[in-house]
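>>> this is a predicted model, with the sequence first.
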Amino acid sequence: AQKVTQAQTEISVVEKEDVTLDCVYETRDTTYYLFWYKQPPSGELVFLIRRNSFDEQNEISGRYSWNFQKSTSSFNFTITASQVVDSAVYFCALSSPYNTDKLIFGTGTRLQVFP
Amino acid sequence: SAVISQKPSRDICQRGTSLTIQCQVDSQVTMMFWYRQQPGQSLTLIATANQGSEATYESGFVIDKFPISRPNLTFSTLTVSNMSPEDSSIYLCSVAAKSYNEQFFGPGTRLTVL
């Protein structure tokens, strides 16, 4: 069975702090994809990143960075110098071509960035 | 990336009625998905809709309650039938771009059942 765990229900930080959102996944498939989505208060789901299981290189995009470690089945997301506009719910998700590519979502982490 | 629109964006409905949600994509896609997000919760897949075949429903969801149509490669509908207050949720359509294995989501339909 596939499962995604986001143990942090809610995180509060002050602007300019760095924050890391944790994601741990379970799958028996050798090929799979990991995703992060952002859901701001407006409700729309914004795609942030997709990673395949064969690519363990860390990725940086502006203030966002992702750390994929197969050894610990984790795909953590770090926001550097957080801003108020980063306040949202962040979802980690898993999919597999052996499972019709449907997304299995974690329960989400609500990030609040205070000025 | 794909541009996805949903109609209606929100609705308030009476118990016992049905609502059909439309999902339109600006390009042809193989797979479309319907998700439900109950208040304060994560997203749960309702069903996968492929063009030309019956939708595949996840455990806990049945066709009589959530009939789905997929008449072509750019359009799908989800009907929420015989609604109760427990159906109050955001319903999201998503599409998979197979060549990139990316999934994009529509803006969602906020449904409130009184």
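Received the coordinates, thanks. Numbers count the residues shown, from 1 in each chain, chains lettered A, B, ... in the order given.
>>> burial count for B:Lys7?
Number of residues near B:Lys7 (other CB atoms under 10 Å in any protein chain shown) recorded here: 14. C-beta: built from backbone N, CA, C; applies to glycine.
>>> which residues in chain B form strands?
B:4-7, B:10-13, B:19-25, B:31-37, B:43-50, B:56-57, B:68-72, B:75-80, B:89-97, B:102-105, B:109-113 (DSSP state E).
>>> worst mean pLDDT among these?
Among the strands of chain B, strand B:102-105 carries the lowest mean pLDDT, a mean of 83.
>>> spit out the contact partners of residue 51.
Just so you know, I chose chain A. Contacts for A:Arg51 were tallied using CB atoms under 8 Å, 6 or more residues apart in numbering or on different chains; they are A:33-35, A:59, A:66, A:68, A:75.
>>> look at chain B instead
B:30, B:70-73.
>>> hmm, which two among those residues are most spread apart?
B:Thr30 and B:Pro71 (14.5 Å; CB to CB).
>>> which of these two has more residues huddled nearby?
Just comparing B:Thr30 and B:Pro71: by other CB under 10 Å the higher neighbour count belongs to B:Thr30, 13 against 10.
>>> tell me if I'm right that that one and B:Thr74 touch.
No - checked against CB atoms under 8 Å, the pair B:Thr30 and B:Thr74 is beyond contact range at 11.2 Å.
>>> ok, back up a step: can you go through the contacts of A:Arg51 and name the buried ones?
Listed as buried from the contacts of A:Arg51 are A:33-35, A:66, A:68, A:75; burial here means 16 or more other CB atoms under 10 Å in any protein chain shown.
>>> and which of those residues is nearest chain B?
Using CB to the nearest CB, A:Tyr33 is the member of the buried ones among the contacts of A:Arg51 that sits closest to chain B, with 5.4 Å.
>>> how about stretch B:75-88: buried residues?
Buried residues in stretch B:75-88 (16+ other CB under 10 Å): B:76-78, B:80-81, B:83, B:87-88.
>>> so which of the contacts of A:Arg51 also contact chain B?
Contacts with chain B within these, as defined by CB under 8 Å from any CB of the partner chain: A:33, A:35.
>>> might you report the residue contacts of A:Thr31?
A:52-54, A:96-98.
>>> re earlier: any chance of JSON lines for the contacts of A:Arg51, columns pLDDT?
Output for the contacts of A:Arg51, formatted as JSON lines (pLDDT from 0 to 100):
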{"residue": "A:Tyr33", "pLDDT": "91"}
{"residue": "A:Leu34", "pLDDT": "93"}
{"residue": "A:Phe35", "pLDDT": "94"}
{"residue": "A:Glu59", "pLDDT": "85"}
{"residue": "A:Trp66", "pLDDT": "94"}
{"residue": "A:Phe68", "pLDDT": "94"}
{"residue": "A:Phe75", "pLDDT": "96"}
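>>> quick check, nearest of the contacts of A:Arg51 to B:Gly108?
The closest of the contacts of A:Arg51, once distances to B:Gly108 are taken by CB to CB, is A:Phe35, at 17.2 Å.
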